[in-house]
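1. sharing a sequence plus its predicted fold:
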Amino acid sequence: MHEVTANGARIPAIGLGTWELRGAQCADIVQAGLALGYRHVDTAQAYGNEREVGAAIRASGVPRGDIFLTTKVWYDRLAPGELEACAEESLARLGTDYVDLLLIHWPNPAIPLADSLAALARVKQRGLARHIGISNFTVALIEEAVRLCPEPLVTNQVEYHPFLDASRVMAACRRHGLSLTAYCPLARGRVVGDPVIEEIAARHGKTAGQVALRWLVQQSGVIAIPRTSSTARLAENLDVFDFTLTDAEMAAIAGLARPDGRVVQVSWAPDWD
């Protein structure tokens with residue numbers, strides 16, 4: 001599988017998102033994904049499914065070292081001591097000695113970022129996480145995090161899809177050698193039926209979802225983590241490396257971005273760029 005390199009990390013460009021997947025359904029989807037060839041699995045403390053993700057990884061028969069596993073620390077547990085404890089709890093639920101990537105899930109202005117990043121770095125230094133990163137950080141917060149963190153950061157995970165302009169955040173990530181990991185890469189299904197994307201899809205004999213994912217991973221340093229509850233869609237989302245979009249097609253899709261394109265709206269979000 002195509003990989004993205006970022007500050008020492010090698011991350012599969014298509015990952016398996018698990019947000020909203022629970023119980024047996026979560027375990028079944030993760031195990032099916034690994035059987036199909038996924039080698040990047042994304043979860044979080046807040047998703048409430050780390051146990052199922054870990055169980056599926058063990059049941060899959062795929063060696064742990066072949067899987068890039070990401071989890072995240074929720075924004076109310078970013079204080080020193082609390083963050084490290086949260087990481088240990090995640091490892092216990094996942095049934096693994098380490099994760100490949102540990103992220104701060106959302107910034108929390110009530111807790112000094114320097115303290116949170118120092119704690120995050122200690123988790124890496126203890127070998128509990130091979131790499132560390134951030135999620136939902138704005139340009140200003142990226143700059144501050146890179147300046148303050150004692151260890152290299154390898155990604156900023158943010159909402160990104162054809163209807164949302166992430167150019168400023170992406171430029172900041174590239175400036176510091178970070179990858180950009182796109183969550184909600186299909187805009188929660190809104191790419192399906194879009195006339196521009198559907199026309200390009202027909203031209204390539206692909207689906208609208210495949211074109212949207214290809215548009216993302218064809219950009220330097222971008223990773224996509226689509227989530228699906230359908231095993232058929234699992235295979236479709238992974239099958240995006242056998243075609244290439246033209247420059248004109250890439251530009252046409254980028255032109256779909258609009259001011260109201262964001263689909264994740266939460267009260268604790270920072271002021272987006």
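-> The structure has been received and is ready for your questions. Numbering: from 1, shown residues only.

2. next one: stretch 195-215 to chain centre, how far?
-> Distance of stretch 195-215 from the chain centroid (C-alpha atoms, centre = their mean, to the nearest Å) equals 21 Å.

3. wait, stretch 177-188
-> 6 Å.

4. would you map the helices across this structure?
-> 23-36, 50-60, 82-94, 113-125, 139-148, 167-175, 195-204, 208-217, 231-238, 247-254 (DSSP state H).

5. which strands or helices does the longest one pack on?
-> Spelled out, that is helix 23-36. strand 16-17, strand 40-42, helix 50-60, helix 231-238 (3 or more C-beta pairs under 8 Å, 6 or more residues apart in numbering; DSSP states H and E). Every residue, glycine included, has its C-beta placed from N, CA and C.

6. at 6 Å instead, please
-> On a contact count with 3 or more C-beta pairs under 6 Å, 6 or more residues apart in numbering; DSSP states H and E, helix 23-36 meets helix 50-60, helix 231-238.

7. so which bits of it are buried?
-> By neighbour count with 16 or more other C-beta atoms under 10 Å, helix 23-36 contains the buried residues 26-34.

8. now swap in stretch 230-247 and tell me
-> For stretch 230-247, by 16+ other C-beta under 10 Å, it's 233-234, 236-240, 245.

9. the closest residue to Asn7 other than its chain neighbours - how many residues pack around it?
-> Residue nearest to Asn7 in three dimensions, not counting chain neighbours: Pro152, with 4.0 Å by C-beta to C-beta, 6 or more residues apart in numbering. When neighbours are defined as other C-beta atoms under 10 Å, Pro152 has 18 of them.

10. next one, pLDDT for the residue positioned nearest the centre of the chain please.
-> With distances taken as C-alpha atoms, centre = their mean, Thr181 lies nearest the centre of the chain, 4.2 Å away. Thr181 carries a pLDDT score of 98 in this model.

11. any idea how far the closest residue in space to it that isn't next to it in sequence lies from Val266?
-> Nearest residue to Thr181, sequence neighbours excluded (C-beta to C-beta, 6+ apart): Gln157, at 4.0 Å. Separation of Gln157 from Val266 (C-beta to C-beta, to the nearest Å) stands at 14 Å.

12. over to Thr207?
-> As judged by C-beta to C-beta, Thr207 and Val266 stand 29 Å apart.

13. which strand residues bridge Thr70?
-> The partner list for Thr70 in beta bridges (DSSP bridges) reads Asp42, Leu101.

14. what number of residues lie near it?
-> Thr70: 27 neighbours (other C-beta under 10 Å).

15. again with Gly255
-> Other residues close to Gly255 by other C-beta under 10 Å number 11.

16. state the distance from it to Ala248.
-> For Gly255, the distance to Ala248 equals 10 Å [C-beta to C-beta].

17. rewinding a little: Thr207 and Val266: which is more packed in?
-> A direct count of neighbours by other C-beta under 10 Å for Thr207 and Val266 places Thr207 higher, at 20 against 7.

18. find the nearest non-adjacent residue to that one, please.
-> Per C-beta to C-beta, 6+ apart, closest to Thr207 is Ala201, 5.7 Å.

19. ok, now Arg64?
-> That would be Thr96: by C-beta to C-beta, 6+ apart, it lies 6.4 Å from Arg64.

20. and that neighbour, how far is that from Ile223?
-> With C-beta to C-beta as the criterion, Thr96 and Ile223 are 21 Å apart.

21. repeat that for Pro259.
-> For Pro259, the distance to Ile223 - C-beta to C-beta - is 25 Å.

22. neighbour count for those two, which is higher?
-> Each of Pro259 and Ile223 has its neighbours counted (other C-beta under 10 Å); Ile223 has more, 29 against 8.

23. tell me who's in contact with the more buried one.
-> Residues in contact with Ile223 (C-beta atoms under 6 Å, 6 or more residues apart in numbering) are 4, 11, 13, 179, 181.

24. can you check Ile132 too?
-> 102, 120, 124, 151.
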